[in-house]
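Visitor: Need coordinates for the below:
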Amino acid sequence: MKLSDFDFELPKDRIAQHPSEKRDHSRLMILDRKDQSITHEHFYNIIDHLDSNDVLVINDTKVIPARLMGIKEDTDALIEVLLLKETAPNIWDAMTKPAKRVKIGTKIHFGKLLVAECIGIKEEGIRTFQMKYEGIFIEILEALGTMPLPPYITEKLIEKDRYQTVYAKDLGSAAAPTAGLHFTKELLAKVREKGVIIVPITLHVGLGTFKPVSVENILEHHMHEETYTMTKESADLLNDALAKKKNIICVGTTSIRTIESNFDSKFIPGTFDTSIFIYPGYQFKAVNKLITNFHLPKSTLIMLVSALAGTEFIKKAYLEAVEKHYRFFSFGDAMFIK
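Guide: Numbering: from 1, shown residues only. Reported below is the predicted structural model:
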């Protein structure tokens, strides 16, 4: 299976640089796998495609203001630090820019509130830092940090909460689960009124989400690892849904990776790591449908949606999305594969 099979031409003006004025007013492309039809609506119409036989899985992770600008202690050089994951209390893996200036023992000062000392260097230029501060770490991040927007978004985000879902709860992500950005609290209330069961899971999104696939044979790609949590309540709801033959609809690729990673013969509560790589040929074990955004060319995410909807159907849909000026990527429009 070739990387070039998942490439497409995308004009730069199709990349959304800011959120839509209202969350649920984004456009919505409906892909019906039964008759291979494509229709065009708005996201608030998603309610018309859900019913009481559906279970909606959402990722309630919350993005931390993980992008920090600091000063190197010995040279006063400006260093950018992007926090990725807390691996132990006050120990963080992070990307740095410029990375070559950060060696073991390097101390970076962020005003008077925080000092990060490099204590390790990992693959792909990742540095490990010991964080030294007084007080509550997340409050320090709120004071010092900014939202870690993807590299293809170059405009400044005015409202920080627009890069959070309305149900974001558990801090830990370096990027938002963007398919969920389209939901409002009012729309979720309507979903519940229809009898749809909403099941939260938590997968902390890492920047590996944006890592491009660099090998032509995609089977040689090394998938990034992320941590997810399945609560007992969520596992019980999902097991009950399967027993009653309900549809499991995932909001976003992070939710689908969690569900497919966790399920064997049943769903199991706990916290686990996953590096699942879903590409065409994968046999889905539990998921029936997917709400997702439009993804980057040659990305593992477009491979995942191609596995669910079929490569040719996705190619047709993406071509139509480009022609009809859909907005792509994190702040872009949505697709419902049913």
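Visitor: Spell out the secondary structure type for Pro148.
Guide: coil (DSSP: H, G, I helix; E, B strand; the rest coil).
Visitor: any idea how far Met1 lies from Thr75?
Guide: 47 Å (Cβ to Cβ, to the nearest Å). C-beta: built from backbone N, CA, C; applies to glycine.
Visitor: what's near enough to touch Glu86?
Guide: Applying Cβ atoms under 8 Å, 6 or more residues apart in numbering to Glu86 gives the contacts 92, 172.
Visitor: Secondary structure element holding it?
Guide: Per DSSP states H and E: Glu86 is located in strand 78-88.
Visitor: picking that back up, which of Met1 and Thr75 has more residues huddled nearby?
Guide: Met1 (14 against 10; other Cβ atoms under 10 Å).
Visitor: In contact with the closest residue to that one other than its chain neighbours, which residues?
Guide: Spatial nearest neighbour of Met1, chain neighbours left out: Ile218 (5.2 Å); criterion: Cβ to Cβ, 6 or more residues apart in numbering. Ile218 makes contact with 1-3, 6, 279, 303 under the criterion Cβ under 8 Å, 6+ apart.
Visitor: Closest one to Thr184 out of the residues you listed, please.
Guide: Among the contacts of Ile218, Met303 lies closest to Thr184 (Cβ to Cβ), at 30.1 Å.
Visitor: Roughly how far does the closest one sit from Phe8?
Guide: For Met303, the distance to Phe8 equals 13 Å [Cβ to Cβ].
Visitor: contact partners of stretch 38-55?
Guide: With contacts defined as Cβ under 8 Å, 6+ apart, stretch 38-55 is touched by 23-32, 56, 182, 187, 190-191, 194-199, 237-238, 241, 246-249, 289, 291, 316-317, 320, 324, 333-334, 336, 338.
Visitor: if you set the cut-off to 7 Å instead, what comes out?
Guide: With contact meaning Cβ atoms under 7 Å, 6 or more residues apart in numbering, stretch 38-55 is reached by 24-31, 182, 187, 190-191, 194-197, 199, 238, 241, 246-249, 317, 320, 324, 334, 336, 338.
Visitor: In CSV, list the contacts of Ile218 along with secondary structure.
Guide: Putting the contacts of Ile218 into CSV (three-state DSSP) gives the following:
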residue, secondary structure
Met1, coil
Lys2, strand
Leu3, helix
Phe6, helix
Tyr279, coil
Met303, helix
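Visitor: Go through these and name the one nearest Pro98.
Guide: In terms of Cβ to Cβ, no member of these lies closer to Pro98 than Leu3, at 28.9 Å.
Visitor: where does that closest one land on pLDDT?
Guide: Per-residue pLDDT puts Leu3 at 93.
Visitor: Let me see the contact set for it.
Guide: Residues near Leu3 by Cβ under 7 Å, 6+ apart: 213, 215-216, 218, 298.
Visitor: Repeat the analysis, applying 10 Å as the threshold.
Guide: Residues near Leu3 by Cβ atoms under 10 Å, 6 or more residues apart in numbering: 212-218, 220-221, 297-299, 303.
Visitor: For those residues, pick the one with the most neighbours.
Guide: Among the contacts of Leu3, Met303 has the most neighbours (other Cβ under 10 Å), with 25 neighbours.
Visitor: For it, which non-adjacent residue is spatially closest?
Guide: In this structure, Met303 finds its nearest non-sequential neighbour in Tyr279, 4.2 Å apart by Cβ to Cβ, 6+ apart.
Visitor: Count residues in the vicinity of the one you found, would you?
Guide: Neighbour count for Tyr279, taken as other Cβ under 10 Å: 20.
Visitor: and if you look at Lys72?
Guide: Lys72, neighbours per other Cβ under 10 Å, totals 15.
Visitor: which ones are touching the nearest residue to it once chain neighbours are set aside?
Guide: Nearest residue to Lys72, sequence neighbours excluded (Cβ to Cβ, 6+ apart): Ile79, at 5.3 Å. Counting by Cβ under 10 Å, 6+ apart, Ile79 makes contact with 68-72, 96-99, 101-102, 106, 108-110, 116.
Visitor: Just those residues: which are in strands?
Guide: Among these, the ones falling in strands (DSSP state E) are 68-72, 96-97, 108-110, 116.
Visitor: which of the residues you listed sit farthest apart?
Guide: The span of the ones in strands among the contacts of Ile79, defined through Cβ to Cβ, is set by Lys97 and His109 at 16.4 Å.
Visitor: what residue lies at the spatial centre of the chain?
Guide: The residue lying closest to the centre of the chain (Cα atoms, centre = their mean) is Pro177, at 3.3 Å.
Visitor: so that residue sits right up against Pro200, yeah?
Guide: No - using Cβ atoms under 10 Å, Pro177 is not in contact with Pro200, being 11.3 Å away.
Visitor: which neighbours do these two share?
Guide: By the contact definition Cβ under 10 Å, 6+ apart, Pro177 and Pro200 are jointly contacted by 58-61, 167, 255.
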